[in-house]
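Peer 1: Pasting the sequence and the predicted model now:
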Amino acid sequence: MSTNWGRINLSYFFCFSDSKLNNSHYVNAEELLIYKPSDWWQDVLNGYQLLKDEGFKKMVVIGLSLGGVFALKVGQELKINGDVTMSVPIHREDTFLQKRVFHYAKGYKQLEGENEEQINLGNIFKIYLSIH
């Protein structure tokens, strides 16, 4: 049995990550907190519909971390041919996911050089408190 891994027909592969459709992902830390899991799910549905409209009949969804949560949901609710997830959070409730995003945004602000006091007094903390 011989397998030729060097020959892959790339016309069968398509990677979807469109910032025009995915409104809630390509934003700064403060803006990220404005969105909720229902907004992220709508982005997923928009992407799925775009691929269907483009004529794709076979789809495999791959998701990492929070994207893995949505990849699993796609596998449960929509017609796809496969599902690959990596590093998916154990808890999938909306409030847990929003807290996870807050901690991600807070860590990002720390990487930008802000200290705890600046973060707590800044927009990121105010936005978080206003939606919870």
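Peer 2: Noted; the coordinates are in hand. Numbers count the residues shown, from 1 in each chain.
Peer 1: Make sure I have this right: Val44 is in a helix.
Peer 2: Yes. With the criterion set as DSSP: H, G, I helix; E, B strand; the rest coil, the secondary structure at Val44 is a helix.
Peer 1: pLDDT on the helix or strand where Gln110 lies, on average?
Peer 2: Remark: Gln110 resides in helix 94-111, with elements defined by DSSP states H and E. Along helix 94-111, the predicted local confidence has a mean pLDDT of 82.
Peer 1: That one: what's the following helix or strand?
Peer 2: If you walk from helix 94-111 toward the C-terminus, the next helix or strand you reach (DSSP H and E) is helix 116-121.
Peer 1: Return the list of helices and strands in contact with that next one.
Peer 2: Helices and strands touching helix 116-121, by 3 or more Cβ pairs under 8 Å, 6 or more residues apart in numbering; DSSP states H and E, are helix 94-111. Bear in mind the C-beta positions are built from the backbone N, C-alpha and C, glycine included.
Peer 1: how about the helix it packs on: buried residues?
Peer 2: By 16 or more other Cβ atoms under 10 Å, the buried positions in helix 94-111 come out as Leu97, Gln98, Val101, Phe102, Ala105, Lys106, Tyr108, Lys109.
Peer 1: Is it correct that the first one is in contact with Pro89?
Peer 2: Yes. With contact defined as Cβ atoms under 8 Å, Leu97 and Pro89 form a contacting pair (7.1 Å).
Peer 1: Can you pull the residues that touch both of the two?
Peer 2: Any residue near both Leu97 and Pro89 by Cβ atoms under 8 Å, 6 or more residues apart in numbering counts here, and that gives Leu66, Val69.
Peer 1: Report how many residues lie close to Val61.
Peer 2: For Val61, the neighbour count with other Cβ atoms under 10 Å is 24.
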